[in-house]
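Visitor: after the sequence you'll find the predicted model.
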Amino acid sequence: MSKAQQGWLFGAVVLVALTGCGGPELDGPFDAEDDQLSGYTSRAPVSAMASTSDANLARNVHDFDYSTRWSGQGAGATLTGDLGEVFKVGGVRIAWYQGNLRVAHFAVALSVDGSTWSTVYTGDSSGTSSALRTTTFTARRARFVKIVGYGNSANDWNSITELRAWVAPAPAAADAGPAVDAGTTVDAGAAADAGATADAGATADAGTPNPSGGCAAWPAFPDANCTGYRHTGVTLKRVPQDLTSGPGWVWRTIGGEGVLDITSAGATLDGLDIQGPVYNNGGTDARTALKVTITRSLIRCIGENNFCLTLGPGSVATDVEVGGGADGKTFIGTLGVLTGNWSKAQALSTITRMNLHHVVQGFRQDGDTLIQDSFVHDMTMGDQPAPDGHSECVFVSAGANNSLIHNTMSHGNSAVIFVQYGGSPNPLISGLTISQNRLIAVIHNNQNSSWGVSVENKGIGGNIKVTDNVFDKTGWGAGPGQAPPGSTTTGNKYTDGTTASIGQS
Ligand SMILES: [Ca+2]
């Protein structure tokens, strides 16, 4: 680890201390201001854009501040919020500027991909409140929410101070496609919407949440419905409140911090809600870590500032959720999963159906590790006061035989998947396969990912494959991907089915 990284990790300790009590809410004081939509959560856009603005810009609608707003003049002016991933959207909450004095005329349209839209509501605001007020409609899958303004009872301006969406986990397309839409307005795009190739669960056979089995196969993609512990139906036992030891592990204090520590090779963890991180053999050093099998568990990682989970050679993690702290949505100033014994390149670990989120860096994958059918999302992008200038879903710095197969990954301000050799004496990067992944571009806090996949041309030992991945078409700082000369880069596409070219690094 570089000195620079050690520096910002130290900074993150302070952050965790500050946010450890409750953590930031998605909506904070805005949570209970209007009618709750039962079964849904209020979510702010991660970014917003407008067709037109005066000095009041689109980003002001998700700053949790009623004193700032977006304003666009004229009938048909649009404000579009990006929720960051596909949800089942059952309503919107709009706070209109001077909403207690005038009635706004508007429509709401939804989209999975940002290009095909379905209008779900046309009508007026209450005219009685300037706070967030709910508008409901027939729920459907969407990542993008567009408000189309048609002026108000006083003039032709459209001004919104805050925007939210009521969201629930996205069902498969079969549950929320055209059939659900019957009867909503102006829905010419419904069929095309549900059939878009790239979204998690978009195809007809994507399946419903699966209590025991795997994620639907390509060309569907993993999401929250088939990853982590939740879809298994397990009831978790809290560590340390309900349980303080088990086969090959014990809860104890290391360096003043409560951790679950792996104490013998072959340890098994199943059905656990772990309040802290998982250390291995007394620390977070992959070179001395032991084999562990973790299934159907949640690692909250509260209080950690290094790695949430350290895996030794031969480890297996299946149906595990990592990150999010006490409330599941607090950013942890740390790295998610350390896998790959870079000094020996003999890790041989397998990670399947992991839901990994709200950390600085998702996986540190440094040799002989397969990561498959997993959902990695909500890496920090300026969400923390501590420096987080190097954030990605996966970072590979060394090692042979790493595979990333059929995962959904979004967020990160360097690349979503970032491969950069760490230098001698680390083993060269070879036998790296990045295939059938869904790479989502998120623009957040004026940051974005330069690349979906970036394999730098240094420390490369050969046999690099970047194939059959599906990329968002827009939103990248540089492009969908780059790889060294000699790499195999066939079959990569954008969400609209057109070819995504991987450039040469
Ligand atoms: Ca605002």
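Guide: On my side now, so go ahead.
Visitor: now the residue in the stretch 1-150 of the chain that the ion sits nearest to: closest residue in space, sequence neighbours ignored.
Guide: Going by CB to the ion, the ion is nearest to Thr68 of the stretch 1-150 of the chain, at 3.8 Å. C-beta: built from backbone N, CA, C; applies to glycine. Once flanking residues are discounted, Thr68 sits nearest to Asn60: 3.9 Å by CB to CB, 6 or more residues apart in numbering.
Visitor: also Ile254?
Guide: In space, and not counting its chain neighbours, Ile254 is closest to Tyr279: 6.1 Å by CB to CB, 6+ apart.
Visitor: show me what that neighbour is bridged to.
Guide: Beta bridges link Tyr279 to Asp261, judged by DSSP bridges.
Visitor: following the one helix or strand Ala142 maps to, which helix or strand comes up?
Guide: Assessed by DSSP states H and E, Ala142 sits inside strand 133-152. Downstream of strand 133-152, the first helix or strand assigned by DSSP H and E is strand 157-169.
Visitor: next structured bit after the helix or strand where Ala317 lies?
Guide: Taking DSSP H and E as the criterion, Ala317 maps to strand 316-322. The helix or strand immediately downstream of strand 316-322 is strand 332-339, counting by DSSP H and E.
Visitor: parallel or antiparallel, list what pairs with that following strand.
Guide: Strand 332-339 has the following strand partners under DSSP bridges: strand 307-310 (parallel), strand 359-365 (parallel).
Visitor: what's the closest of those strands to the ion?
Guide: Closest of the strands paired with strand 332-339 to the ion is strand 359-365, at 27.0 Å (criterion: CB to the ion).
Visitor: rewinding a little: what residues does the residue nearest to Ile254 make contact with?
Guide: Contacts for Tyr279 (CB atoms under 8 Å, 6 or more residues apart in numbering) come out as 254, 259-262, 310.
Visitor: for Val61, helix, strand, or coil?
Guide: helix (DSSP: H, G, I helix; E, B strand; the rest coil).
Visitor: quick one: the closest residue to it other than its chain neighbours from Ser264, how far?
Guide: Leaving aside its chain neighbours, Val61 sits nearest to Leu163 (4.2 Å; criterion: CB to CB, 6+ apart). Counting by CB to CB, to the nearest Å, the gap from Leu163 to Ser264 is 52 Å.
Visitor: these two - which one has more neighbours?
Guide: Set Leu163 next to Ser264 and count neighbours by other CB atoms under 10 Å: Leu163 wins out with 23 against 13.
Visitor: name the residues linked to that one by a beta bridge.
Guide: Counting by DSSP bridges, Leu163 is bridged to Ile94.
Visitor: likewise for Thr352?
Guide: Beta-bridge partners recorded for Thr352 (DSSP bridges): Thr318, Gln372.
Visitor: for it, give me its contacts.
Guide: If you count contacts by CB under 8 Å, 6+ apart, Thr352 has them with 214, 316-319, 372-374.
Visitor: give me that answer again for 7 Å
Guide: Taking CB atoms under 7 Å, 6 or more residues apart in numbering, we find Thr352 in contact with 318, 372-373.
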